[in-house]
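J.: with the sequence up front, the predicted model follows.
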Amino acid sequence: THTHTHRKMVQVGLVGAGKALPLCGVSVRANVVDFCARVQLLQKYFNDSLETVEAHYVFPVDDGAAVCGFEVEVDGKVLQGEVKRKEEARQTYREAVAANKSAQLLEQVRGDVFQMKVGNLRPQQVVWVSISYVTMLKIDGDAVVFALPTHVAPRYQPASDQGEAIAQQHAQQLRDVRDGLEVEVTCIMGSAITAVVCDTHAVVEEEKAASERCVVRLADGCTHLAADFVLRVSTREPHQPRLAVERDQRQGGAHCLMLTLAPKFELDECRAEVIFLVDRSGSMSGSKMVQTREALLLFVRSLPVDCYFNVVSFGSRYELLFPQSVRNSQQNLQRAVDLATRMDATFGGTELLQPLKHILGLPAVEEYARQIFVLTDGQVSNTQAVVACVAKAPEVRCFALGLGHGASSELVGGLARAGKGTAEFAQHGDRLETKVMRQLHAALQPAVQDIVVDWHVPHDAAARAAKLSPEETKVSSRVVGSLLGFRGKSEFVQVPSQVPPVFDGERFVIFCLLEPGIVPPKKVSVCASTPQGDLAVVLSAGEVYEDNVLHTLAARERIRELEERRGQAKSAPAHTIEAEVARLGCQYHLASSQTSFVSVCEDQAELDQAVSETAQMMEEIQRLVQDQQQALNAIDSCLDRSERLDCLMDLSESLSCASVKFQKNARSLKRSFNPLGNAWNAVSSAASSVWHGTASLFGSAAPSQGEAAASPSAAPPPPPPPAAAA
């Protein structure tokens, strides 16, 4: 048993001056086409403090999402984010903030967590934050699942993890939006829609314009998202194979192909050693532990008779049910059932790496393929180290089940990809039977890994020479490129470079990025080797359409593949991987581990000058108030000692002249700079109070002629001063 304790927390939302800024409005617009989605998240925040702050905004996305758009609107000015290398973007942001400019910085903190900073957010300012991303949707049975994450769950950070941390406070959700919450999802599917279901929130489905199209909106009266928004759209032909072709003018008219396939086949089951790695850390308490017990019971009771198994509980420490895997017998099964029934979340922090290393170091059972099932919410910070550990054991397959709201898609998906298994996610209230049986069915199949995709891209010299000048072409019939610019690379890049294992009924997606000038193929062939023989299929390409969604998704998938290979035995050096990630991020306008969005309001000289002049005006008001107080004190002294009124009038004249001069300067400032409406109103109000307060004071201090006549005992007024007589 090993013990480690260290925990850090994460906050979602815009945070400034040590507190969360009020979330005034949220608008989500999603366009779902088949199983790809383009999402725009627009949020309105208000700095209700009296200080200029640097605000921090943390938001979650799915692990496969590509954040490709970022803009901020402050005081009616829209600032577009520019993609730069991470350190260059940080330097640009720091310099802008130091120069008192409005600046914004958007960075990737984890694969599924991003952080944005808003520098010099002034008092009473409203800021609009718009973030755009594209993502591939998950498949759950016959349904396409659109999920909108609403919060970042707390992340446990082991003491050995020196990675960059997020703003560490309690997780916050999108609750009680003051000015309203809007969610609209437009779905255009490849076949007729048969059902639209949202178990998490009340929605309204508009009348379908066509059988393949629908629009779903959040029902009126819903002002908060206390849990992830999850929408399931079922279609008549959910697993229809497709070959989509896209042309992107931003990439010089280059094409991108996306092949999606959900194969159907049945192979003889293999004998397996199944090890369940169960998260019992404190974050798994409540409904997550209820799901964990239910899932583990389903798993162990569904195991085949001829298998070995074990259960490992982990948290800050880990415990094995059996010292080594045991054969599936009635006695051993009952011990596993008893453990699952009384299981609780009392193991402290989430330490996954050490028990994983221990399991991989155990001697394998001969002729039984080792399959590891990880049941967790994924709330760890050392995701890359955990994924790399699994990738170093190619003979082991790993399956991951993410439990509860906020489960880390980066960890759960990363484990499945590195372990050549599958990933499933279960929200609170989901039925677990289908997900558990689907994963167990895949684990007991032989791995179909020898998959070859023939993209039918021409490789002949004529195709290459088409991009050369006539002079270069005449040099040799074997010419492959220009001596002044040849890069020695293929006409296309397949993503992922190695096709993942194929499972019965499980969809897999492969991209092909073509170089500009390469004509896209009309068909693609896929061939897979199995113990029973080869399986093949040929798909024809559809109509070419103009967009950049597939290019963006392919680039994001390539970046993720490079990052997950970092540190592996056969991977490129770290600096080479970082350089390629940075190149892809800049070329395809993506936030990544090496690239960030930054925006700066450059034309802020007038605003800064106006703010400075406003500060001077406020100082002048303060001096006027002090003069007024001195005048009041002098008036009291005059009245008490019945001194001559000419002294009182001198004071009044001096104060009136100063007030007139102030109003003249204030009107001039208002004409020269209108955007400072709030500042002008505050200054004008303060000036008016000074003027009217003085006028009312003198009106009450000097009796009217009627009052003097009505009082026979009143002393006659003193003669007017020479200036007044003149």
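T.: Cool, the structure landed.

J.: quick one: end-to-end distance for stretch 299-306.
T.: In stretch 299-306, first residue to last residue: 15 Å (Cα to Cα, to the nearest Å).

J.: quick check, pLDDT for Phe503.
T.: Note for Phe503: predicted pLDDT of 83.

J.: then Glu88?
T.: On the pLDDT scale, Glu88 is placed at 96.

J.: then Pro500?
T.: pLDDT, Pro500: 82.

J.: quick check: Val32 is in a strand.
T.: Yes - remark: Val32 belongs to a strand, assigned using DSSP: H, G, I helix; E, B strand; the rest coil.

J.: give the contact list for it.
T.: Val32 makes contact with 137, 144, 146, 185-189, 233, according to Cβ atoms under 8 Å, 6 or more residues apart in numbering. Any C-beta I mention is one placed from the backbone N, CA and C, and that applies to glycine too.

J.: export those as a markdown table, with columns for secondary structure.
T.: Below are the contacts of Val32 laid out as a markdown table (three-state DSSP):
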| residue | secondary structure |
| --- | --- |
| Leu137 | coil |
| Val144 | strand |
| Phe146 | strand |
| Val185 | strand |
| Thr186 | strand |
| Cys187 | strand |
| Ile188 | strand |
| Met189 | coil |
| Val233 | strand |
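
J.: can you turn the buried part of those residues into a ChimeraX selection?
T.: A single ChimeraX command selects the buried members of the contacts of Val32 (16 or more other Cβ atoms under 10 Å):
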select :137,144,146,185,186,187,189,233
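
J.: show me which of the contacts of Val32 is closest to Gly505.
T.: Closest approach to Gly505 among the contacts of Val32 (Cβ to Cβ): Val144, at 14.7 Å.

J.: if we take the contacts of Val32, which one ends up nearest to His589?
T.: The closest of the contacts of Val32 to His589 turns out to be Leu137 (Cβ to Cβ; 21.7 Å).

J.: I figured that closest one hits Phe146, correct?
T.: Yes - with contact defined as Cβ atoms under 8 Å, Leu137 and Phe146 form a contacting pair (5.7 Å).

J.: now do the shared contacts for those two.
T.: Counting by Cβ under 8 Å, 6+ apart, the common neighbours of Leu137 and Phe146 are 32, 37.

J.: shaky segments in the stretch 451-600 of the chain?
T.: Residue ranges of the stretch 451-600 of the chain with pLDDT under 70: 459-490, 567-571.

J.: the stretch 51-200 of the chain: helices as residue ranges?
T.: In the stretch 51-200 of the chain, the helices defined using DSSP state H, counting those that start in this stretch lie at 86-98.

J.: mind listing the strands for it?
T.: 53-60, 66-74, 77-80, 82-85, 103-110, 113-121, 126-136, 138-140, 143-148, 181-188, 193-197 (DSSP state E, counting those that start in this stretch).

J.: sorry, back to before: would you reformat the contacts of Val32 as a markdown table and include distance to Gly419 and pLDDT?
T.: Output for these, formatted as a markdown table (distance: Cβ to Cβ, whole Å; pLDDT from 0 to 100):
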| residue | distance to Gly419 | pLDDT |
| --- | --- | --- |
| Leu137 | 22 | 90 |
| Val144 | 25 | 89 |
| Phe146 | 26 | 92 |
| Val185 | 32 | 94 |
| Thr186 | 36 | 93 |
| Cys187 | 32 | 92 |
| Ile188 | 34 | 90 |
| Met189 | 31 | 89 |
| Val233 | 29 | 92 |
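
J.: and which of the contacts of Val32 is nearest Leu553?
T.: Among those, Leu137 lies closest to Leu553 (Cβ to Cβ), at 11.2 Å.

J.: picking up where we left off before, can you redo the strands of the stretch 51-200 of the chain as JSON lines with distance to Gly404?
T.: Shown next, in JSON lines, are those (distance: least, Cβ to Cβ, whole Å):
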{"stretch": "strand 53-60", "distance to Gly404": "14"}
{"stretch": "strand 66-74", "distance to Gly404": "24"}
{"stretch": "strand 77-80", "distance to Gly404": "37"}
{"stretch": "strand 82-85", "distance to Gly404": "34"}
{"stretch": "strand 103-110", "distance to Gly404": "17"}
{"stretch": "strand 113-121", "distance to Gly404": "16"}
{"stretch": "strand 126-136", "distance to Gly404": "20"}
{"stretch": "strand 138-140", "distance to Gly404": "16"}
{"stretch": "strand 143-148", "distance to Gly404": "13"}
{"stretch": "strand 181-188", "distance to Gly404": "21"}
{"stretch": "strand 193-197", "distance to Gly404": "20"}
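
J.: who wins for proximity to Cys36 among the ones you listed?
T.: Of the strands of the stretch 51-200 of the chain, nearest to Cys36 by Cβ to Cβ is strand 126-136, at 5.9 Å.

J.: other SSEs contacting that closest one?
T.: Based on contacts counted as 3 or more Cβ pairs under 8 Å, 6 or more residues apart in numbering; DSSP states H and E, the elements that strand 126-136 packs against are strand 36-46, strand 53-60, strand 66-74, strand 113-121, helix 549-565.

J.: much appreciated, bye for now.
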